[in-house]
Structures are given as structure tokens and as C-alpha cells.
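**Q** Model the following, please.
(chains A, B and C)
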Amino acid sequence: MDARFDVPPELLAWDGDVPRARRLQAELATRVLLRDDFPPWRRLAGVDVGFEEGGAITRAVAVLLDADSMQPLAEVVARLPTRMPYIPGLLSFRELPAVLAALAQLPDVPDLVFVDGHGVAHPRGLGIAAHLGVMTDLPTIGVAKKILVGSHGPVGPRRGDRAAVMHRGHLIGTALRSKDGIQPLIVSPGHRVSHATAVQCVLASGRGYKLPEPTRLADRLASRRDRPR
DNA sequence: GCGACAG
DNA sequence: ATCTTGTCGC
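**A** Numbering: from 1, shown residues only, chains lettered A, B, ... in the order given. This next block holds a predicted model:
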């Protein structure tokens, strides 16, 4: 039984009209839920995107893992022609078509999805993790390596140390040290998860690396680090 | 007006 | 993201 998502394509339509896309983001952002709706999660998924042919092909990877053992249960890849360039703030319009195609190939629907990029830590509150969550209604968490908007104070040097990421007077995410002495990750809720739970999930799914296991495994395949030359 | 700007 | 080898440091 494949994972199925009834996703209205207009929620992801790209026609070159940047202002229109931004308005759509602001509208969809009102549908984001920052509460924990239905934990615990048994099956986790990690998704990430890479490019081939000089950017002409978008390659999305989705990995399904058992939440207890953190062992991969399935890994799928989807390749679609790239339809738009990277525009800061509009990343989801560029990458989600391929991500949705990959998720649809998983043998089961995940209970929680880790996305490479921001959740609500976005200019209009709708980073790629939040956009994916609203479209599929799946709980999602955004895990980014760099800040897009907002700022935070100093973060302690040890794993687990954190600092709130604020933007326009509001909490939008957490700068989290996922490993001793490594640059902190920026964690933010995507959908149906609270700020506190998003952080706990990232720490709980860590295996000693900087990235949480779902993201790390998806990242390896998306960037072709699985098959070194 | 200038600089910043997830992946 | 991607182009790319070795190298410094925990």
C-alpha cells in the first residue's frame, strides 16, 4: 500500500509571479498548527533534495525509519525536471513537487517528517517544512543549517544547548547544538508539532552526528554521498 | 537605497 | 544546491 496524499496542485502552483506566491504563503501560514496533535510517532521520514544535470533535474529522496531502532525501512527517489530557480523565501515551490512524488512512493505513511529547511522560521511563516505539512496534513519539522530570518543569542558549547530564534518579537525557532562543538542547527515546527517537541524530536533521533538520523540518511542519498567515487 | 537571503 | 583535495582540529 503506497503512501497517498490528496494534494490540491494550486497550493504549490508556480507561474513566475513572485508576489502571488508570497500571498499564497501568507494564506497557507494561517493553517499551520503549532500543537502536538498525535504523538507518539512510530514511523519517521526524512526528505531531502539534490540536483542533477547542472540543475535541470530535481532529485528528491524520502527515507522511512522505525522510530525505536532508527533503522531505515525504505528509501525511495523521485526525479523531476526542475521548473524554477532558487529564490530565497520560495524554496518550497521549487522543491516540493519532487518531495511529494518521493513521499508517495513510500510503502507506508510516516507519522512525522523531517525536512531539510525551515518550518515556521520563515519571513511569512511558511518555510518548506510548514508548506509540506499544510499540504499533506502530516506532522513536520524543519531542520536547517543556516538562518533565513530572525536572530538568536549565544548557544552553549554542548549537545542539547539552545537559544530561541526571535523574529519581529516572536519565537520562530530554536538554535540547537545537536553535537558538541558543532555549529547549531535551526529547528522549527513545520505543522502539528510544538517548538518544544520539535527540539525534543531532533535530539531524540540523533545518532551522534550533527543531523538527526532521518535527515542524515535522506541527505546522503540526495547529495549522492552514498556512492563515493 | 543597501545588504541579506533555507537549499 | 553544486563545482572539488587536502587539511586542520576535536
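
**Q** For chain A, which helix or strand comes out least confident on mean pLDDT?
**A** Confidence across the helices and strands of chain A bottoms out at helix A:213-222, with a mean of 94, counting by mean pLDDT, DSSP states H and E.

**Q** just the CA coordinates of that helix, formatted as CSV?
**A** Extracted as CSV, the C-alpha positions of helix A:213-222 are listed here (Å, rounded to 0.1, in the frame of the first residue of the first chain):
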residue,chain,number,x,y,z
GLU,A,213,19.0,10.3,11.5
PRO,A,214,16.0,10.8,9.2
THR,A,215,17.6,13.9,7.7
ARG,A,216,21.1,12.5,7.6
LEU,A,217,20.1,9.4,5.7
ALA,A,218,18.0,11.4,3.2
ASP,A,219,20.8,13.9,2.8
ARG,A,220,23.3,11.1,1.9
LEU,A,221,21.2,9.9,-0.9
ALA,A,222,20.1,13.3,-2.2
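
**Q** tell me which strands and helices it is in contact with?
**A** Judged by 3 or more Cβ pairs under 8 Å, 6 or more residues apart in numbering; DSSP states H and E, helix A:213-222 is in contact with strand A:43-52, strand A:57-66, strand A:72-81, strand A:112-116. All C-beta atoms are positioned from the backbone trio N, CA, C, and that covers glycine.

**Q** Quick one: residues contacting the residue of chain A found nearest DNA strand C.
**A** Closest residue of chain A to DNA strand C, Cβ to the nearest atom of the strand: A:Gly50 (3.1 Å). By Cβ atoms under 8 Å, 6 or more residues apart in numbering, the contact list for A:Gly50 reads A:59, A:61, A:221-224.

**Q** Just the buried ones from those, in ChimeraX syntax?
**A** A single ChimeraX command is used to select the members of the contacts of A:Gly50 judged buried by 16 or more other Cβ atoms under 10 Å:
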select /A:59,61,221,222
